[in-house]
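Peer 1: okay, structure incoming, though there's no sequence with it:
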Ligand code: FAD
């Protein structure tokens, strides 16, 4: 099923992200975690694409498995900055053969000292190529706080509009911990003429190390309230996990209460974290048609 059709329905959509293994010896273990998450019955699931592009078959395999075993539609990610056009065309074929209709088209992080594509500089070029080479539903990434490389938010929004106009069906945001930043972004995006659905990406932070890593990678603002939670509970793994699940749940409740219809949770392949959030939101998700049973 195309994600654009799901997003056009009445009510809230609730989706979950998993990532593929880096090496084949971890494939079974990773696929099992992804299936446990699929069993929870989200509206759709996304499967990320390994940096460097060498593990695209794992992305396709896990995405196809989720659709086959649980009937949950999947969104397979695809990056371009470390690939040439021939590899991208091959991946489109692999996705097509695996019954994958939805692609999140990304540039990927520019590898430090690594091989950079001569065919692609920005995601917009990948989006145009996918549009011209198949009937995929295409999503793109957006950054409520501005992408870490961009000079300012206005410039970032200009390129986001160009990316959207190249043929995107929807956007998914980078994680954020302060909903006001997202509301402000959404207002600016609409003012800039970006009118496609925007899916809010929520990352449950379940240990202190994870917060440090996520913030270093994305530059995401951490509100004082959340900093205090990590400072206080960070040394107790069970307490921190519980606090992280509750914080993410509260963020989602606030988003839904303020009219945001599409929520995507970065599960980090942790079924218990995905389930914890769905349990906290069970009545709210029932309203949206997600059938989570305790
Ligand atoms: P782009 O849209 O190309 O933007 C990158 C930068 O270039 C921005 O600063 C933008 O303002 C600027 N820019 C864009 N167009 C132009 C232009 N024409 N001229 C000048 N500047 C321009 N990474 C992975 O490796 N695998 C994944 O599966 C993955 N999934 C992700 C999912 C989501 C929801 C998000 C938010 C990110 C994900 N990433 C993933 C990370 C992503 O690849 C990086 O953030 C990357 O640095 C930017 O990718 P992009 O597609 O947003 O790039």
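Peer 2: Cool, got the structure. Since the structure is predicted, the reported quantities are computational estimates derived from the model, not experimental observations.

Peer 1: and the gap between the residue sitting furthest away from the middle of the chain and residue 226?
Peer 2: For the chain, the residue at maximal distance from the C-alpha centroid (CA atoms, centre = their mean) is residue 232, at 28.4 Å. Residue 232 sits 11 Å away from residue 226 when distances are taken as CB to CB, to the nearest Å. The C-beta positions use only the backbone N, C-alpha and C, and glycine is treated the same way.

Peer 1: so what touches the helix ranked longest in the chain?
Peer 2: The single longest helix within the chain, with elements called by DSSP state H, is helix 237-257. Here helix 237-257 makes contact (CB atoms under 8 Å, 6 or more residues apart in numbering) with 12, 177, 179, 182, 200, 202-208, 226, 229-230, 233-234, 263, 265, 272-273, 276-277, 280-281, 284.

Peer 1: buried stuff in that helix?
Peer 2: 240, 241, 243, 244, 245, 247, 248, 249, 251, 252, 255, 256 (16 or more other CB atoms under 10 Å).

Peer 1: how far does that helix sit from its chain's centre?
Peer 2: Centroid displacement of helix 237-257 relative to its chain, using CA atoms, centre = their mean, to the nearest Å, is 17 Å.

Peer 1: equivalent analysis for stretch 104-114, please.
Peer 2: 16 Å.

Peer 1: that one - what's its average pLDDT?
Peer 2: Averaging the model's pLDDT scores along stretch 104-114 yields 88.

Peer 1: tell me if residue 200 really is in a strand.
Peer 2: Yes. With DSSP: H, G, I helix; E, B strand; the rest coil as the criterion, residue 200 is assigned to a strand.

Peer 1: next SSE after the longest helix of the chain?
Peer 2: Proceeding C-terminally, helix 237-257 gives way to strand 262-266 as the next helix or strand, assigned by DSSP states H and E.

Peer 1: contacts only, for residue 159.
Peer 2: Taking CB under 8 Å, 6+ apart as the criterion, residue 159 is in contact with 122, 124, 150.

Peer 1: now list the buried members of the residues you listed.
Peer 2: residue 124.

Peer 1: filter the contacts of residue 159 down to the ones in helices?
Peer 2: Among these, the members falling in helices (DSSP H) are residue 124.

Peer 1: would you turn the contacts of residue 159 into a markdown table with pLDDT and distance to the ligand?
Peer 2: As requested, these are exported to a markdown table (pLDDT from 0 to 100; distance: CB to the nearest ligand atom, whole Å):
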| residue | pLDDT | distance to the ligand |
| --- | --- | --- |
| 122 | 96 | 3 |
| 124 | 98 | 5 |
| 150 | 94 | 4 |
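
Peer 1: relative to the whole chain's centre, how far out is stretch 240-260?
Peer 2: Relative to the centre of its chain, stretch 240-260 is centred 16 Å away, using CA atoms, centre = their mean.
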